[in-house]
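A.B. asks: structural data only, the sequence is not supplied:
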């Protein structure tokens, strides 16, 4: 216990004293993140239940959350969720929920009702951190609950966080709600909803992805869905989109502004990756790559030019 007390005191140290350009508190937090001694967990249970100082209790909760993750102990998750029923401070509740979000997946047998209740809190930080904490559970009750919350709320930020949660837990039950979100005013909500629908429907909705590729505001998401799930029947739609993209010069800023750059790929790169699979069997694919190389090379962004050089060199 002496070590744990010392670590908690260092985490709570608010002096400006530096060690190798880092504060005492910062270094103690990084130390806590590495702990993997399961024997500390019972001691911390008792400490958290008895400690009246909020800051020290928060430090202890942070430590036990790291121990849970590093020792693969899901019972700590049950303890932290139960703790939400006793804590009154909004920052403390938000902090615990953030620890849960970063921790182990929540086993389906653990009662998550305190987290569900907090999705209805009047405090926006509590609501949204509760929604994010629920990403790690496969409990079917969570999907049912959050779909009901979605029906009732008009808060755009809450809808965004609900959409993030659905992207992790949604089943076919959520398809109707997700399709309604395709008309939401926020681009990020529409984007996440489309990607979630694609991950549920997969190959079943290839024609829908192809239609979206040629019209609407979700062309990057449609290209990504085609890249992941479509077969050769989507080749012509992708060629048409690539032709459209290269009808004018673009800049890196333009690609970023229009949501056409994600995880190191532009939508053009995704399209080329998709077509590359059919280059030997489809003459129109060969013609498209020749057209890009011979007539549109200067229209390519640096990443796209590098893709062409790398792939054409090994073809």
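C.D. replies: That came through fine. Every value quoted in this text rests on a predicted model; they were computed, and no experiment measured them. Numbering: from 1, shown residues only.
A.B. asks: which parts of the stretch 201-315 of the chain are helices?
C.D. replies: 206-214, 219-229, 235-245, 252-257, 267-276, 283-295, 302-314 (DSSP state H, counting those that start in this stretch).
A.B. asks: that should have said the stretch 1-150 of the chain, apologies.
C.D. replies: 2-11, 24-33, 40-50, 54-71, 75-83, 90-102, 113-118, 124-133, 140-152.
A.B. asks: let's have the ones you listed in a markdown table, adding distance to residue 310.
C.D. replies: (C-beta placed from N, C-alpha, C; glycine too.) A markdown table is the format used below for the helices of the stretch 1-150 of the chain (distance: least, CB to CB, whole Å):
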| stretch | distance to residue 310 |
| --- | --- |
| helix 2-11 | 47 |
| helix 24-33 | 38 |
| helix 40-50 | 49 |
| helix 54-71 | 38 |
| helix 75-83 | 44 |
| helix 90-102 | 36 |
| helix 113-118 | 46 |
| helix 124-133 | 37 |
| helix 140-152 | 42 |
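A.B. asks: can I get those helices in CSV with mean neighbour count?
C.D. replies: Converted to CSV, the helices of the stretch 1-150 of the chain look like this (neighbours: other CB atoms under 10 Å):
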stretch, mean neighbour count
helix 2-11, 16
helix 24-33, 17
helix 40-50, 16
helix 54-71, 21
helix 75-83, 19
helix 90-102, 19
helix 113-118, 19
helix 124-133, 22
helix 140-152, 16
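A.B. asks: and of those, who's closest to residue 309?
C.D. replies: Nearest of the helices of the stretch 1-150 of the chain to residue 309, taken as CB to CB: helix 90-102 at 39.7 Å.
A.B. asks: could you say what helices and strands that closest one packs with?
C.D. replies: helix 54-71, helix 75-83, helix 113-118, helix 124-133 (3 or more CB pairs under 8 Å, 6 or more residues apart in numbering; DSSP states H and E).
A.B. asks: now render those helices as JSON lines, adding distance to residue 142 and mean pLDDT.
C.D. replies: Output for those, formatted as JSON lines (distance: least, CB to CB, whole Å; pLDDT from 0 to 100):
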{"stretch": "helix 54-71", "distance to residue 142": "20", "mean pLDDT": "96"}
{"stretch": "helix 75-83", "distance to residue 142": "13", "mean pLDDT": "96"}
{"stretch": "helix 113-118", "distance to residue 142": "7", "mean pLDDT": "97"}
{"stretch": "helix 124-133", "distance to residue 142": "10", "mean pLDDT": "97"}
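A.B. asks: for residue 8, find the nearest of those helices.
C.D. replies: Comparing those under CB to CB, the one sitting nearest is helix 54-71, at 4.6 Å.
A.B. asks: show residues contacting that closest one.
C.D. replies: Residues from elsewhere that reach helix 54-71 (CB atoms under 8 Å, 6 or more residues apart in numbering): 4, 7-9, 11-12, 29, 32-38, 40-41, 44-45, 47-48, 51, 73-77, 79-80, 83, 89, 91-92, 95-96, 99-100, 102-104.
A.B. asks: again, 7 Å this time
C.D. replies: 7-8, 11-12, 32-33, 35-36, 38, 40-41, 44, 47-48, 51, 76-77, 80, 89, 92, 95-96, 99, 103-104 (CB atoms under 7 Å, 6 or more residues apart in numbering).
A.B. asks: likewise stretch 144-156?
C.D. replies: Contacts for stretch 144-156 (CB under 7 Å, 6+ apart): 116, 119, 159, 162, 165, 166, 174, 177, 186.
A.B. asks: which residues are contacting whichever strand or helix holds residue 178?
C.D. replies: According to DSSP states H and E, residue 178 maps onto helix 175-181. With contact meaning CB under 7 Å, 6+ apart, helix 175-181 is reached by 147, 150, 163, 166, 170, 189, 190, 193, 196, 197, 200.
A.B. asks: among those residues, which are in strands?
C.D. replies: Members of the contacts of helix 175-181 lying in strands (criterion: DSSP state E): none.
A.B. asks: what is the nearest of the residues you listed to residue 225?
C.D. replies: Ranked by distance to residue 225 (CB to CB), the contacts of helix 175-181 are led by residue 197 at 8.3 Å.
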